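J.: Predicted structure and sequence below. I'll ask about it afterward.
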Amino acid sequence: MVAKGTDIEKSAAPKARSKTPKPRNLQSSDVTQAVAKSSDNAQGSGSYLGLAVLIFLWYTTSVLCNETSKKLVKPADGNPIFDKLTLTLAQLVISSCCGFALTHPAFGLVTYKGIQSKDQLLLTSVLAGVFALGFITLNASFKEMHVSLAMTLRAGEPVCALILAGFFLKSEPFNIKLALSLLPVVIGSGLSAFGGSNATKAPTNAQKGNLILGVGLVMLSNVCFAFRGILTKKIKEQSNPDSYNLFFQLCYLGSAVQTCIIVCVRAFIPDGVLIPSSAMMSRELVVILLNGISFFAYLQLSWAVLARMNVVTHSMCNAMRRPATIFMSLMVNPKPLSFIEGLGMAAACFGSLIYGRVRISIAKEAKKSEPIKAKSS
């Protein structure tokens, strides 16, 4: 009997010890969490001003790029320096130079990481072509319509992204909430296009033709930029390059693709490409450099802002960029707005905010479901 009791005591002892918490480990963990939390709070409170400055520069350089692009392809004197093909090439070449400076060891800002495999080279080259085509069509639309209208129609990009992602990305299935949140964007873009021909008199047939062409170009641009996001995700899943090096690769590969396009077009249509003269380029050299540098800056500032916040908050800031760009474009280059056009712009901008808010709610729901899935597994 004593032996049995002894066995019971021996078997119970480990269980009692297993239930006893380790005070030293818990205290160490609590201290570590408290220090990390206080550090995060201090860092967050001290970085609000810097983040606000970055967002302001992001919006400002975006407007500067759009307005200088408009000036280069459709100046007031009617003598354009670039067309849609050569302007995109100039932007990509200047951005390549900026990217080279950013990744050069002499500056030590970003460590250069080259393309690692043939598959990555192939996907990145396709992405560079889509990227270049997106800006070709966007730059071409500036010649057919005001920048504010073009940027309003650009608000339809999430519609294209939602549809294409449902087909090509298994990680992003079609979501009915997102689809419904985009209805104001679609309606607003349509109203802006319908009322954007002329605010003071009935449009001529030529103006209607230019408007239809401009709308088509922006829609094609939206499709290209939606594919850009899909291809970027595929490249990051396979090779995981950082955003700065990926953008640098897009710029120099895009420059090569764009050069091939220009050569092919000139081979079949000798007058199909506007080659700028050295005299005109030297006369507008400041505008050309501003355009290329702002093109590089607003895209890289977008990544810099993303590094300081989560993806969902960045999506909201990107949604706010469009109304800010439209408003600042109208301040820099005023134009009369019809009631329908103004209503459409307001609806598209409001729809962008709704879209960003819905994405936040979906992300929160996904985070809540993650612990449940972990427990069940």
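T.: Now that the structure is in, tell me what you want to look at.
J.: Nearest residue to residue 235 in space, please, no chain neighbours.
T.: The shortest distance from residue 235 to any non-neighbouring residue, by C-beta to C-beta, 6 or more residues apart in numbering, is to residue 123 (5.1 Å). Any C-beta I mention is one placed from the backbone N, CA and C, and that applies to glycine too.
J.: The one you found: what's it in contact with?
T.: Shown in contact with residue 123 (C-beta atoms under 8 Å, 6 or more residues apart in numbering): 231, 234, 235, 238.
J.: before we move on, which element is it in?
T.: According to DSSP states H and E, residue 123 maps onto helix 118-144.
J.: pLDDT of that helix, averaged?
T.: Here helix 118-144 scores 86 as its mean pLDDT.
J.: cool, stretch 244-256 as well?
T.: 88.
J.: re earlier: show me which parts of the helix holding residue 123 are buried, residue by residue.
T.: Under the neighbour-count criterion of 16 or more other C-beta atoms under 10 Å, helix 118-144 has 120, 123-144 buried.
J.: Equivalent analysis for stretch 334-347, please.
T.: Residues of stretch 334-347 classed as buried by neighbour count (16+ other C-beta under 10 Å): 337, 338, 340, 341, 343, 344, 345, 346, 347.
J.: before we move on, back to that, from the contacts of residue 123, list just the buried residues.
T.: Buried members of these, scored by 16+ other C-beta under 10 Å, are 231, 235.
J.: Kindly indicate which of the contacts of residue 123 lies nearest residue 115.
T.: The nearest member of those to residue 115, counting by C-beta to C-beta, is residue 235 at 9.9 Å.
J.: correct me, but the closest one touches residue 246?
T.: Yes: if you go by C-beta atoms under 8 Å, residue 235 and residue 246 touch, sitting 7.0 Å apart.
J.: Find residues that contact each of the two.
T.: In contact with both residue 235 and residue 246: residue 124, using C-beta under 8 Å, 6+ apart.
J.: ok, the nearest residue to residue 255 once chain neighbours are set aside - contacts?
T.: Counting by C-beta to C-beta, 6+ apart, residue 255 lies nearest to residue 92, which is 4.3 Å off, once chain neighbours are set aside. Contact analysis of residue 92 by C-beta under 8 Å, 6+ apart lists 132, 135, 251, 252, 254, 255, 258.
J.: swap the cut-off to 10 Å and go again
T.: Going by C-beta atoms under 10 Å, 6 or more residues apart in numbering, residue 92 touches 99, 128, 131-132, 135, 250-259, 292, 295-296.
J.: ditto for residue 265
T.: Counting by C-beta under 10 Å, 6+ apart, residue 265 has contacts 85, 271, 272, 273.
J.: quick one: which of those residues sit in helices?
T.: Cross-referencing the contacts of residue 265 against helices under DSSP state H gives residue 85.
J.: from the contacts of residue 265, which has minimum pLDDT?
T.: residue 272 (77).
J.: was I right about that one contacting residue 86?
T.: No: here residue 272 does not reach residue 86: they are 11.1 Å apart, not a contact under C-beta atoms under 10 Å.
J.: what do those two both touch?
T.: Shared contacts of residue 272 and residue 86 (C-beta under 10 Å, 6+ apart): residue 262.
J.: Those two: which has the busier surroundings?
T.: Neighbours per residue, other C-beta atoms under 10 Å: of residue 272 and residue 86, the larger number sits with residue 86, 20 against 13.
J.: And the residue nearest to residue 235, how far from residue 232?
T.: Distance, residue 123 to residue 232, using C-beta to C-beta, to the nearest Å: 9 Å.
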